[in-house]
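# build me a model:
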Amino acid sequence: MTIYFLETVHERLAERLTAAGHTCIEAFSVQRADVLAGQISDAHGLVVRSRFLVDAPLLAALPELRFIARSGSGLENIDLPTAASRNVAVFNSPEGNRVAVGEHALGMLLALLHKLHVADRSVRAGAWLREAHRGLELSGRTVGIIGFGQMGSAFAQRLQGFECRILAYDKYRTDWPAQPGLQAVDEATLLAESDVISLHLPLTDETHHLVSSHWLQRLGKSPILINTSRGPIASTGALAEGLQRGWISGAALDVLEEEGRDLLNLTTRSEALEALAADPRVIFSPHVAGWTQESYFKLSDVLADKVLRAFPQPH
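Next up, the predicted model:
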């Protein structure tokens, strides 16, 4: 097969596909207009991340397409119904960065509880304020996980040893692992009883602005909210209001509603975002929860496994 790499990924994927007899073409400079004009109409496979919107018009310009390989977990930039109607297989690789996301979410939570982000800035400024930076322990707290796929389960695994009570809610999951301390509950119970809530959800019409002012008012214990999934799942305005009104006590945000669709920058800095940025109860990172040296390799290796399992011999 002829496989076009429209975005950069670890070379492991091209190496394995080439070794299996497929032709891999670097096409990083190809733009959407080029695809629509038929420039890569011979493509049997596409490798993408977030830059390309693989929608119905783009798929129509790829008559030979047999698969799309998305390096990462989210599939919101791919028109899945149209791909299915065309018998185009779609692969992603959440198994490749689940460890990174689980560790990052835990790290952000510990940093926030122990005020490490503000303590660091304080010491760098020449202060030595011990009482002002007295932290809180994770041990004994109830952690709620919404969405229990690869990322949510990885976070739960990394909470082992912290003596937490772990509540999990997943609307679409029926099989639950036998993990000590893990309890599957309904959404209302999780929202009422959690000291920490971590979001591990795909971005869909159903989850867009799940975290709204109304949703935050349902919370029972003013928890810390962690979002390492997709920014638009949580309304920035609602988060700012939630902190001001005490509906939440803190936020650890690796993703923001203000991110561009390609996830590479912020399209705006809203008034609500500025309020969050000025609040010491908030800690940020620039959409790097799944972005480690190890995950970069694993994302491609997992994709190679999936593609070669589905298409073991070149056509």
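
# who are the packing partners of the helix or strand hosting residue 156?
Per DSSP states H and E, residue 156 falls inside helix 150-158. Helices and strands touching helix 150-158, as assessed by 3 or more Cβ pairs under 8 Å, 6 or more residues apart in numbering; DSSP states H and E, comprise helix 94-113, strand 142-146, strand 165-169. All C-beta spots, glycine's among them, are computed from the backbone N, C-alpha and C.

# from these, which stretch is densest packed?
Per-stretch averages of neighbours, counted by mean count of other Cβ atoms under 10 Å, single out strand 142-146 among these, with a mean of 25.

# show me what stretch 98-109 is in contact with.
138, 150-151, 153-159, 196, 198, 200, 224, 226, 228, 252, 254, 283, 285, 288-292, 294-295 (Cβ atoms under 8 Å, 6 or more residues apart in numbering).

# please disregard the earlier target; I meant stretch 11-18.
3, 5, 24, 26, 47, 69, 71, 297, 300-301, 303-304, 307-308.

# quick revisit: now the contacts of stretch 98-109: which count as buried?
138, 150-151, 153-159, 196, 198, 200, 224, 226, 228, 252, 254, 283, 285, 289-292, 295 (16 or more other Cβ atoms under 10 Å).

# got the domain ranges for the protein?
Under automatic domain parsing, the residue ranges defining each domain of the chain are 2-92+294-310, 96-284.

# which residues in this protein form helices?
Taking DSSP state H as the criterion, the chain contains helices spanning 12-19, 32-36, 56-60, 80-85, 94-113, 116-124, 150-158, 187-193, 213-216, 236-245, 271-277, 293-310.

# from residue 73, how far off is the residue sitting nearest the centre point of the chain?
By Cα atoms, centre = their mean, the chain has its centre lying nearest to residue 229, at 3.1 Å. Distance, residue 229 to residue 73, using Cβ to Cβ, to the nearest Å: 9 Å.

# so what sits against both of the two?
Overlap of the contact sets of residue 229 and residue 73 (by Cβ under 8 Å, 6+ apart) consists of 151, 202.

# remind me which residues of the protein are low pLDDT?
Along the chain, the parts satisfying pLDDT under 70 run over 313-315.

# residues contacting the closest residue to residue 93 other than its chain neighbours?
Leaving aside its chain neighbours, residue 93 sits nearest to residue 302 (4.0 Å; criterion: Cβ to Cβ, 6 or more residues apart in numbering). Neighbouring residues of residue 302 by Cβ under 8 Å, 6+ apart: 93, 95-96.

# let me know the closest of the residues you listed to residue 267.
Nearest to residue 267 among the contacts of residue 302, counting by Cβ to Cβ, is residue 93 at 26.4 Å.

# surely that closest one and residue 306 touch.
Yes. Between residue 93 and residue 306 there is a contact at 7.3 Å, judged by Cβ atoms under 8 Å.

# show me which of those two is the more surrounded one.
For residue 93 versus residue 306, the count of surrounding residues by other Cβ atoms under 10 Å is larger for residue 93: 26 against 17.

# how close does the more buried one sit to residue 169?
25 Å.

# same check, this time on residue 236
Residue 236 sits at a distance of 23 Å from residue 169 (criterion: Cβ to Cβ).

# what do you get for residue 291?
Using Cβ to Cβ, residue 291 is found at 27 Å from residue 169.

# what's the answer for residue 203, then?
For residue 203 relative to residue 169 (Cβ to Cβ), the value is 18 Å.

# what does residue 242 give?
Note on residue 242: its distance to residue 169, by Cβ to Cβ, is 19 Å.

# one more: residue 222?
Using Cβ to Cβ, residue 222 is found at 19 Å from residue 169.

# go on, residue 307?
From residue 307 over to residue 169 (counting by Cβ to Cβ), the distance is 33 Å.

# next one: residue 210
On the measure of Cβ to Cβ, residue 210 and residue 169 end up 12 Å apart.

# what's across from the nearest residue to residue 187 once chain neighbours are set aside in the sheet?
Counting by Cβ to Cβ, 6+ apart, residue 169 is the residue found nearest to residue 187 once chain neighbours are left out, at 5.1 Å. Bridge pairing for residue 169 (DSSP bridges) gives the partners residue 146.

# quick one: contacts for residue 169?
Residue 169 neighbours (Cβ under 8 Å, 6+ apart): 144-148, 184-187, 189-190.

# which of those sit farthest apart?
Greatest spatial distance among the contacts of residue 169 (Cβ to Cβ): 147 and 189, at 15.7 Å.
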